[in-house]
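Chemist: Sequence first, predicted model second:
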Amino acid sequence: MTNFLMDYTMEKSKIQMLHDACNYIFSQKELPTFQQIQRLRNILNIFEAVDVGIDEFNVDGSPSSSPKITNGLIPGQGVSEITYIHIYECDNFSIGIFCFPAGRTFPLHDHTGMTVLSKLLYGSVYVKAYDWVWEENSSPRTNGLAGTVIDGIFNAPCEPFVLFPRSGGNIHSFTALTPCAILDVLSPPYNDDFGRPCTYFFDFLIPSLPGYALLEERELKLPYDLVVNGAPYLGPPLDVAEDLC
């Protein structure tokens with residue numbers, strides 16, 4: 001029996017392994033343990049772009065808003081706007097990929113009450129992340145003081161990074177220094193009806209207080225300068241017959 005299970009696991013695609021682990025871990029009533037998050041990080045860490053249907057080196061002739069599919073893969077260098085590839089979503093978690101052309105920024109936005117795991121598949125990206133400095137009667141969506149959690153450049157290959165649900169807001173942004181792609185796992189997904197909207201922010205650095213900034217919620221639900229296109233998922237298919245969602 002043990003050998004059979006090992007053989008079955010070895011036959012699974014990486015995306016199936018990730019889905020199955022998320023389905024098990026995020027279906028529980030309790031928040032994931034450190035060991036469970038580490039298990040997900042280890043799975044994410046073995047991903048390459050081709051594992052989710054992306055050719056990171058293909059330029060596709062000329063960039064376009066809808067990248068031309070070649071050889072059954074999406075050309076990673078062939079997008080002119082931020083492009084989202086939806087892979088899977090249920091009540092407990094979602095999996096998707098953001099592809100960035102060089103120079104594009106996904107502005108500061110929050111993930112209140114969520115666990116977020118992100119894996120840079122290729123390229124180079126500047127990541128900035130904040131958590132609120134909590135005060136009595138403060139709200140995760142209130143303008144105010146926030147402390148820096150991440151402020152640095154990541155170059156693939158690198159280990160996945162994690163934002164935790166109880167650390168105070170999970171507000172972060174991405175700026176692509178080169179064409180790049182980020183595989184994201186969110187638990188639970190955004191849902192306005194359940195008090196999990198996506199809120200965007202401006203940040204104002206405080207020269208006299210290094211490592212901190214004042215955050216101000218943007219008036220618009222979706223910033224006018226943010227353009228996100230969609231593209232189909234072309235990686236291995238998922239078997240979701242035994243989902244616990």
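Modeler: Great, that's in hand. Residues are numbered from 1 along each chain as shown.
Chemist: What are the boundaries of the strands in this structure?
Modeler: Per DSSP state E, the chain carries strands over the ranges 54-55, 74-75, 82-89, 94-100, 105-109, 115-122, 124-132, 144-155, 161-163, 171-176, 180-187, 201-205, 212-217, 228-231.
Chemist: average pLDDT for the fifth one?
Modeler: Confidence for strand 105-109, expressed as mean pLDDT, is 93.
Chemist: What helices and strands are in contact with that strand?
Modeler: For strand 105-109, the packing partners by 3 or more C-beta pairs under 8 Å, 6 or more residues apart in numbering; DSSP states H and E come out as strand 171-176, strand 201-205. C-beta coordinates here come from the backbone N, C-alpha and C atoms, glycine included.
Chemist: now that strand, how far from the centre of its chain.
Modeler: 12 Å (C-alpha atoms, centre = their mean, to the nearest Å).
Chemist: what stretches of this protein score poorly on pLDDT?
Modeler: Across the chain, residues meeting the criterion (pLDDT under 70) sit at 1-10, 59-71, 135-142, 166-169, 242-245.
Chemist: let's see 80
Modeler: For the chain, the stretches with pLDDT under 80 are 1-10, 58-72, 134-142, 165-169, 195, 220-224, 241-245.
Chemist: Residue nearest the middle of it, spatially speaking?
Modeler: Compute the mean C-alpha point of the chain, and by C-alpha atoms, centre = their mean the closest residue is residue 184, 2.8 Å away.
Chemist: Who are the contact partners of that residue?
Modeler: Residue 184 is in contact with 94-98, 116-118, counting by C-beta atoms under 8 Å, 6 or more residues apart in numbering.
Chemist: ok so, going back, can you redo the helices and strands packed on strand 105-109 as TSV with distance to residue 195 and mean neighbour count?
Modeler: Shown next, in TSV, are the helices and strands packed on strand 105-109 (distance: least, C-beta to C-beta, whole Å; neighbours: other C-beta atoms under 10 Å):
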stretch	distance to residue 195	mean neighbour count
strand 171-176	16	22
strand 201-205	18	15
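Chemist: Give me the distance from stretch 94-101 to the chain's centre.
Modeler: With C-alpha atoms, centre = their mean, you get 7 Å for stretch 94-101.
Chemist: In this structure residue 45 contacts residue 160, no?
Modeler: Yes - the criterion here is C-beta atoms under 8 Å, and residue 45 meets it with residue 160 at 5.9 Å.
Chemist: Quick check: neighbours shared by the two?
Modeler: Common neighbours of residue 45 and residue 160 (criterion: C-beta under 8 Å, 6+ apart): residue 119.
Chemist: distance between the ends of stretch 152-171?
Modeler: Length of stretch 152-171, first residue to last, C-alpha to C-alpha, to the nearest Å: 15 Å.
Chemist: nope, stretch 194-208 is what I meant
Modeler: With C-alpha to C-alpha as the measure, what separates the two termini of stretch 194-208 is 38 Å.
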